[in-house]
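In: Generate a structure from the sequence data that follows.
(one chain, ligands or ions: 2)
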Amino acid sequence: MSKVFKVLTINPGSTSTKIAIFKNDDLILEKTLRHSVEEINKYKRISDQLEFRSNLIKKCLMENNIPMTELDAVVGRGGLLMPIEGGTYHVNSKMLSDLREGVLGEHASNLGGIIAHEIAQKLNIPSYIVDPVVVDELDEVARISGIPEIKRKSIFHALNQKAIGRRAAKDLNKVYEQCNFIIAHMGGGISVGAHSKGRVIDVTNGLDGEGPFSPERSGGLPVGDLIKLCFNKKYSQDEINKKIKGMGGLVAYLNTNDIREIERKIDDGDEDARLIHHAMVYQICKEIGAYSTVLKGNIDAILLTGGIAYSNLITSMIKESVKFIAPVIVYPGEDEMIALAQGALRVLKCEEQEKVYK
Ligand SMILES: Nc1ncnc2c1ncn2[C@@H]1O[C@H](COP(=O)(O)OP(=O)(O)O)[C@@H](O)[C@H]1O
Ligand SMILES: CCCC(=O)OP(=O)(O)O
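Out: Ligands and ions are numbered 1, 2, ... in the order given. Alright, predicted model coming up:
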């Protein structure tokens, strides 16, 4: 009989840490540990959250009677490394140092590989990352920004966008590599991508001031006004960075990253909450419209996913605006945990070779 592998998957997002245990493809345990703005903003740098998130994970495994010694591998969501092709990468020392340093910036997913390695090395088992947020398949034309010194970058919810693209293709009785999709992942950050026959040829940088604003990010801003803000000596570089990610978007306007709380306020007649909620949806729709031109209108479906896709109010508002472009399919939440596990399993079962981060 072939060996059954037990894998721990760790997915640090900007507003949550999700963990799951799989026995081969079977899900044994899944937990979402949500973090409030106050909890997260206590820490200056993402790497400072290591102990906080790592302890929560260990506590959760203990409470659920999962002995770590039974694990065969640990796999984390990959972070802001140098741009790389998709796949499963063994966590190595170069990767760890780039994740700790934040070579391409700060994001919670930088902790995925670090925590996976921390747990795995004590157990003497391998640690991996899969399809990190820097998967880069952009068409050359999409890299041009408008200033030669600034190149557009592919930083997005690659793991989930790819997994949902595959799921939708299957639901449409097609294969991902034959389909054209616009995928909007709506979580703590929001990214909108154009998937052309299995390649993400253009995508909003979900982290750094592009696309729609999100629960905790500013999205694209009027540049002239941003420049004034940078040079008026009122804010440090760190403070401006926090306005773009962490303290931007819904957090800046309404002091919460929680859509459910905002929708309760709307139900209670809060007009400010209604306007800001509407503005976020409006910007998502505009971006979907823009990306329909990238695919020249040849689109199998528009896919809405991420935690925010649980909101019927938001998905129905988006459908209303974009359904003229292509059919809209909603996949609430994400397929990231199974995608992480399967990435590790393919390597453990020798069906695929692990990739080396250099
Ligand atoms: N059932 C729900 N209804 C509406 N919004 C939800 C629901 N569950 C989560 N969300 C919202 O989804 C967002 C987080 O999405 P998620 O994909 O979990 O993000 P991340 O992985 O970035 O932490 C938050 O704004 C949260 O309030
Ligand atoms: C764009 C990078 C990935 C990202 O934003 O993830 P979260 O929404 O989990 O913060």
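
In: Can you dump the C-alpha atoms of the longest helix belonging to the chain in PDB for me?
Out: Scanning the chain for the longest helix, with DSSP state H as the assignment, gives helix 271-294. Taking C-alpha atoms only, helix 271-294 is exported to PDB below (Å, rounded to 0.1, in the frame of the first residue of the first chain):
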ATOM      1  CA  GLU A 271     -24.500  56.400   5.600                       C
ATOM      2  CA  ASP A 272     -20.700  56.900   5.900                       C
ATOM      3  CA  ALA A 273     -20.200  53.100   6.000                       C
ATOM      4  CA  ARG A 274     -22.600  52.700   3.000                       C
ATOM      5  CA  LEU A 275     -20.600  55.200   0.900                       C
ATOM      6  CA  ILE A 276     -17.200  53.700   1.600                       C
ATOM      7  CA  HIS A 277     -18.500  50.100   1.100                       C
ATOM      8  CA  HIS A 278     -20.000  51.200  -2.200                       C
ATOM      9  CA  ALA A 279     -16.700  52.900  -3.200                       C
ATOM     10  CA  MET A 280     -14.700  49.700  -2.700                       C
ATOM     11  CA  VAL A 281     -17.200  47.700  -4.800                       C
ATOM     12  CA  TYR A 282     -17.200  50.500  -7.400                       C
ATOM     13  CA  GLN A 283     -13.400  50.300  -7.700                       C
ATOM     14  CA  ILE A 284     -13.400  46.500  -8.000                       C
ATOM     15  CA  CYS A 285     -16.000  46.800 -10.800                       C
ATOM     16  CA  LYS A 286     -13.900  49.400 -12.600                       C
ATOM     17  CA  GLU A 287     -10.800  47.200 -12.500                       C
ATOM     18  CA  ILE A 288     -12.800  44.200 -13.800                       C
ATOM     19  CA  GLY A 289     -13.900  46.400 -16.700                       C
ATOM     20  CA  ALA A 290     -10.300  47.500 -17.400                       C
ATOM     21  CA  TYR A 291      -9.000  43.900 -17.400                       C
ATOM     22  CA  SER A 292     -11.800  42.800 -19.900                       C
ATOM     23  CA  THR A 293      -9.800  44.800 -22.500                       C
ATOM     24  CA  VAL A 294      -6.600  42.900 -21.600                       C
END
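
In: what's downstream of that helix, the next helix or strand?
Out: Per DSSP states H and E, the first helix or strand lying C-terminal to helix 271-294 is strand 301-306.

In: ok, residues contacting the helix or strand that that next one is followed by?
Out: Following strand 301-306 in sequence order, the next helix or strand is helix 312-322 (DSSP H and E). For helix 312-322, the external contacting residues (C-beta atoms under 8 Å, 6 or more residues apart in numbering) are 184, 186, 259, 263, 266, 277-278, 281-282, 284-285, 288-289, 302, 304, 308-309, 328, 330. C-beta coordinates here come from the backbone N, C-alpha and C atoms, glycine included.

In: Then stretch 224-242?
Out: Contact with stretch 224-242 is made by 44, 106, 209, 243, 248, as judged by C-beta under 8 Å, 6+ apart.

In: returning to that earlier point: of the contacts of helix 312-322, keep whichever come out buried.
Out: Buried members of the contacts of helix 312-322, counted by 16 or more other C-beta atoms under 10 Å: 184, 186, 259, 263, 266, 277, 281, 284-285, 288, 302, 304, 308-309, 328, 330.

In: Count residues in the vicinity of Asp272, would you?
Out: Look at Asp272: counted by other C-beta atoms under 10 Å, it has 12 neighbours.

In: Distance check, it against ligand 2.
Out: Distance, Asp272 to ligand 2, by C-beta to the nearest ligand atom, to the nearest Å: 24 Å.

In: If we check ligand 1, which of the contacts of helix 312-322 are in contact?
Out: Taking C-beta under 6 Å from any ligand atom as the test, ligand 1 is in contact with 259, 308 out of the contacts of helix 312-322.

In: I'd assumed Val133 was in a helix, is it?
Out: No - Val133 sits outside any helix when classified using DSSP: H, G, I helix; E, B strand; the rest coil, being coil.

In: continuing past the helix or strand of the chain with the lowest mean pLDDT, what's the next helix or strand?
Out: Across the helices and strands of the chain, mean pLDDT, DSSP states H and E gives its lowest value to helix 37-41, namely a mean of 83. Using DSSP H and E, the next helix or strand after helix 37-41 towards the C-terminus is helix 50-63.

In: can you count the residues close to the closest residue to Ile114 other than its chain neighbours?
Out: Nearest non-adjacent residue to Ile114, counting by C-beta to C-beta, 6 or more residues apart in numbering: Leu99, 5.5 Å away. As a burial measure, Leu99 scores 29 neighbours (other C-beta under 10 Å).

In: Thanks again, I'm all set now.
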